[in-house]
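**Student:** 3D, please:
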Amino acid sequence: MSETIVGEDKPFRSEKEDECWDRRVPVHIRVGNPNVSPHVVPMAGKTAPLTPADFVTSFLVVWRPAPPPPPHWVKLLREAPFGSGKIHARDLHWDGHHLSIELVHEEDIESFALEMPGWVEFANAEYTRGEHNPACDALEDAQRRAQDLEKRLRLRR
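**Tutor:** This is a model prediction of the structure:
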């Protein structure tokens, strides 16, 4: 039993799960141009008859990273220590597939699109250099999936 495969004898290991082996794997996540979708709603308190000036427009801006990044990469991207003015990576939302943000001003959309390549480059470099490893990424992803499953099961009651 001295040469067993790691995890074979303990499929549900609980002690020292964060003692993941250290293999730094370079990644190259790409993020292209965003998809932009308008969202138009009437201003609060306005009643009929409405004119075009009685509506507010916001834009949902969505980027799809490829290949899908590990959770730690997304965290690094959102921690990018640079941005311009009110444009920061920490404001981006991650749903497991897309990075997104809702904005009102077109200039802000353009600014986010200009900053995105730098943030992606930062996350790729930090992920390759950083204190992570595939086993920890897999564990973090499995924990997220378990939480999602628990939520779905609670909703069925």
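**Student:** helices along this structure, start to end?
**Tutor:** Using DSSP state H, the helices of the chain run over 71-78, 106-129, 134-155.
**Student:** counting contacts, what elements does the first one pack onto?
**Tutor:** Using 3 or more Cβ pairs under 8 Å, 6 or more residues apart in numbering; DSSP states H and E as the contact criterion, the secondary-structure elements in contact with helix 71-78 are helix 106-129, helix 134-155. From N, CA and C alone the C-beta is placed, and that goes for glycine too.
**Student:** which one of those helices is the most hemmed in?
**Tutor:** With neighbours taken as mean count of other Cβ atoms under 10 Å, the helices and strands packed on helix 71-78 reach their highest mean count in helix 106-129, at a mean of 16.
**Student:** keeping just the C-alphas, turn it into CSV.
**Tutor:** What follows is helix 106-129 as a C-alpha-only set of coordinates in CSV (Å, rounded to 0.1, in the frame of the first residue of the first chain):
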residue,chain,number,x,y,z
GLU,A,106,-20.9,55.4,-23.2
GLU,A,107,-17.5,56.9,-22.3
ASP,A,108,-17.4,54.6,-19.3
ILE,A,109,-18.0,51.6,-21.5
GLU,A,110,-15.2,52.7,-23.8
SER,A,111,-12.9,53.2,-20.8
PHE,A,112,-13.7,49.7,-19.4
ALA,A,113,-13.0,48.2,-22.9
LEU,A,114,-9.7,50.0,-23.1
GLU,A,115,-8.6,48.8,-19.6
MET,A,116,-9.7,45.2,-20.0
PRO,A,117,-6.6,44.0,-22.0
GLY,A,118,-4.3,45.3,-19.3
TRP,A,119,-6.4,43.7,-16.6
VAL,A,120,-6.3,40.4,-18.5
GLU,A,121,-2.6,40.6,-19.0
PHE,A,122,-2.1,41.3,-15.3
ALA,A,123,-4.3,38.4,-14.2
ASN,A,124,-2.5,36.0,-16.7
ALA,A,125,0.9,37.1,-15.4
GLU,A,126,0.0,37.0,-11.7
TYR,A,127,-1.8,33.6,-12.0
THR,A,128,1.3,32.1,-13.6
ARG,A,129,3.6,33.7,-11.0
